[in-house]
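Undergrad: Provided below for reference: sequence and predicted model.
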Amino acid sequence: MNKVEIFDPALCCATGVCGPSVDPELTRVATAIFLLEKKGYDIKRYNLGFEPAIFVENKEVSKVLHEKGPNSLPITLVEGEIAKIGTYPTNDEFAEWFGVQTEELSEKPKPCLTIDLKPSK
């Protein structure tokens with residue numbers, strides 16, 4: 001089973017739903033990562049704004065940042081080797097790395113509670 005690490009730029013949140021507009025790419029990545037974690041796969045995500053030491057400690061990531069600067073983020077490592085620089089992995093790439101079907105990475109959560117807001121008479 002592969003280990004995947006994603007080194008994000010400084011973000012206020014990983015989901016893409018904060019700020020003045022929703023970033024659909026961050027939302028897609030957050031959903032895929034959540035579903036992979038839920039299935040027990042080894043995937044980690046680090047935020048430069050909150051965890052800068054991890055970026056410095058990782059030799060591969062630190063080298064890219066020194067050579068190309070922070071605009072090279074996000075950086076994705078698979079088994080400690082750089083797999084992507086500057087863009088997030090696609091759902092097809094996640095599926096390939098973890099041996100799952102692409103469709104499994106975009107499942108919509110099933111509601112566990114429904115609320116009827118019709119006025120009672």
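TA: On my side now, so go ahead.

Undergrad: same question for the helix ranked longest in the chain, mean pLDDT?
TA: Counting residues, the longest helix in the chain under DSSP state H turns out to be helix 24-38. Helix 24-38 shows an average pLDDT of 92 in the prediction.

Undergrad: Can you point out the buried residues in that helix?
TA: 26, 28-36 (16 or more other Cβ atoms under 10 Å). Glycine gets a C-beta too; all of them are placed from N, C-alpha and C.

Undergrad: the helices in this protein, which residues?
TA: Using DSSP H, the helices of the chain run over 24-38, 52-57, 59-68, 91-98.

Undergrad: closest one to Thr76 among those?
TA: Of all the helices of the chain, helix 91-98 sits nearest to Thr76, with 8.3 Å by Cβ to Cβ.

Undergrad: Buried residues of that closest one, list them for me.
TA: 91, 93-95, 97-98.

Undergrad: Burial check on Val61, number of neighbours?
TA: 23 (other Cβ atoms under 10 Å).

Undergrad: about what we covered before: quick one: which of the buried residues of helix 91-98 is nearest Lys68?
TA: When these are compared against Lys68 (criterion: Cβ to Cβ), the nearest one is Glu93, at 20.6 Å.

Undergrad: quick check, nearest of the buried residues of helix 24-38 to Gly69?
TA: The nearest member of those to Gly69, counting by Cβ to Cβ, is Leu26 at 20.5 Å.

Undergrad: That closest one touches Leu11, doesn't it?
TA: Yes: counting by Cβ atoms under 8 Å, Leu26 touches Leu11, with 7.4 Å between them.
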